[in-house]
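Peer 1: Quick one, structure for this:
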Amino acid sequence: MPRPKIALVLQGGGARGAYQIGALKAVAEITRRKRSPFQIVCGSSVGAINAAPFAASSGDIQHGIRHLERLWRGLHCGKVYDARGLTLFGTSARWVWTLLFGHLGAEAPAALLDNAPLGRLLEREFNRRHIVGAIRSGVLHALCITASSYDEGKAITFFEGAPELRNWERARRRGVRADIGPRHLLASSSLPFAFAPVRVGDRFFGDGSLRLTAPLSPAIHTGADRIMIIAARDNRPDQPDPAAASPTFGEMIGHALDILFNDNLDSDHERLSRINHTLSLLTDEARSQTPLRNIDTLMLSPSHDLRSIASRYQHELPRAIRLMMRSVGSWGSDGRLVSYLLFEAGYIGALIDLGHDDTMARADEIREFLDVRA
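Peer 2: Reported below is the predicted structural model:
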């Protein structure tokens, strides 16, 4: 009987993606194996940026995760987006100029921030040769990177893997075989308004979480029997504050990012759990007449509110970004927006450590799910 295919799903979350690195570091320590326990790796947004190098290191995840941790701990905002005051001032001035003189043909900037530094980082770090090698050796069955097509209005999952995998199409989403490269990762992580659309081929794409209503779908379509999910939000609901003031523009942006990165994942996970429960109630004969199958899942999520951690380290943000936060009313608030944009050492390190500790606390559960012995 063939071994079950285990998938890893990494969702978006900006700087919160550091939590995924800590969790994967713990998984490597728990399994104590050189070869990856995940035959399928799927990512969108920052999850795509983590998914590709992790998949590339499928033959030696111990080395791969050490490299990823060093890379993340060495990040600062300037390596992800241009945080210089002069650049931000110039963008703001162009917005105002367009507002006043757009009728004269003035063109507005495509985004608030310039993610060219991230593009250069991805070009430097991306190793396509290792991904191809992992697929050819059989240690990696599929790598899936999802971006949102502005032209089609669909979530497009670019996948690369075993030759038997086929394209798929569902409502507002489809899977397309492709030679995945750094442009796919940059497109998948290009958050609307913050970053400009990215051209891949003859189409323009943005953040993969924007239209990905079924984040577990790529893993299922590429043959997953089990799915481990690393989320970027704790599962405790916010408590209503009767004395709360009307949210500022910046706070509303933070809520929009929460919806974008987390709500669809939670809903899809809930939907899959419900399908599994329904299948468990059917007879063997009834199950044989449906294309649905039971897919076990394990979700890892933060044990602490990442907003409160971000609030402790928000002073690390470059001065120009702090001024921008104040201008939209998010500075000194609940830390929601800051938690997505704070690519600085203190916050990144705290999230990596939290992801590691949370995952190690569930070591026995993870060993059982991944079918490895202690």
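Peer 1: residue boundaries of the helices in the stretch 51-200 of the chain?
Peer 2: 61-73, 85-101, 116-125, 128-137, 182-188 (DSSP state H, counting those that start in this stretch).
Peer 1: of all the ones you listed, which lies closest to residue 41?
Peer 2: Nearest of the helices of the stretch 51-200 of the chain to residue 41, taken as Cβ to Cβ: helix 128-137 at 9.6 Å. Quick note: C-beta positions are derived from backbone N, CA and C, even for glycine.
Peer 1: Need the CA coordinates for that closest one. CSV is fine.
Peer 2: The C-alpha trace of helix 128-137 is given here as CSV (Å, rounded to 0.1, in the frame of the first residue of the first chain):
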residue,chain,number,x,y,z
ARG,A,128,15.1,26.4,-9.5
ARG,A,129,17.6,23.7,-10.1
HIS,A,130,17.0,22.3,-6.6
ILE,A,131,13.2,22.3,-7.1
VAL,A,132,13.6,20.4,-10.4
GLY,A,133,16.0,18.0,-8.8
ALA,A,134,13.6,17.3,-5.9
ILE,A,135,10.8,16.5,-8.3
ARG,A,136,12.9,14.3,-10.5
SER,A,137,14.2,12.3,-7.5
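Peer 1: ranking the helices of the stretch 51-200 of the chain by mean pLDDT, which is last?
Peer 2: Lowest mean pLDDT within those: helix 85-101, at a mean of 60.
Peer 1: Go through the helices of the stretch 51-200 of the chain and pick out the most buried.
Peer 2: helix 182-188 (a mean of 26; mean count of other Cβ atoms under 10 Å).
Peer 1: what residues does it touch?
Peer 2: 43-45, 48-49, 52, 115, 118-119, 122-123, 126, 145-147, 158, 178, 197-200, 205-208 (Cβ atoms under 8 Å, 6 or more residues apart in numbering).
Peer 1: Nearest to residue 12, out of the helices of the stretch 51-200 of the chain?
Peer 2: helix 182-188 (8.2 Å).
Peer 1: Export only the CA atoms of that closest one, formatted as PDB.
Peer 2: The C-alpha trace of helix 182-188 is given here as PDB (Å, rounded to 0.1, in the frame of the first residue of the first chain):
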ATOM      1  CA  PRO A 182      11.000  34.200  -8.700                       C
ATOM      2  CA  ARG A 183       8.400  36.300 -10.600                       C
ATOM      3  CA  HIS A 184       5.600  33.900  -9.500                       C
ATOM      4  CA  LEU A 185       6.700  34.400  -5.800                       C
ATOM      5  CA  LEU A 186       6.800  38.200  -6.200                       C
ATOM      6  CA  ALA A 187       3.400  38.200  -7.800                       C
ATOM      7  CA  SER A 188       1.900  36.000  -5.100                       C
END
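Peer 1: how far does that helix sit from the chain's center?
Peer 2: 12 Å (Cα atoms, centre = their mean, to the nearest Å).
Peer 1: could you dump the helices of the stretch 51-200 of the chain to JSON lines with distance to residue 2?
Peer 2: Shown next, in JSON lines, are the helices of the stretch 51-200 of the chain (distance: least, Cβ to Cβ, whole Å):
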{"stretch": "helix 61-73", "distance to residue 2": "21"}
{"stretch": "helix 85-101", "distance to residue 2": "53"}
{"stretch": "helix 116-125", "distance to residue 2": "33"}
{"stretch": "helix 128-137", "distance to residue 2": "17"}
{"stretch": "helix 182-188", "distance to residue 2": "29"}
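Peer 1: nearest to residue 314, of those?
Peer 2: So among the helices of the stretch 51-200 of the chain, helix 85-101 is nearest, using Cβ to Cβ, at 17.1 Å.
Peer 1: sorry, back to before: which one of the helices of the stretch 51-200 of the chain lies closest to residue 39?
Peer 2: helix 128-137 (9.9 Å).
Peer 1: just the angle between that closest one and helix 61-73, please?
Peer 2: 150 degrees (axes from the mean of the first three to the mean of the last three Cα atoms, to 10 degrees).
Peer 1: Please list the outside residues in contact with helix 128-137.
Peer 2: 52, 55-59, 140-141, 143, 160-162, 179-181.
Peer 1: Show only the entries of these found in strands.
Peer 2: Among the contacts of helix 128-137, DSSP state E puts 143, 160, 161 in strands.
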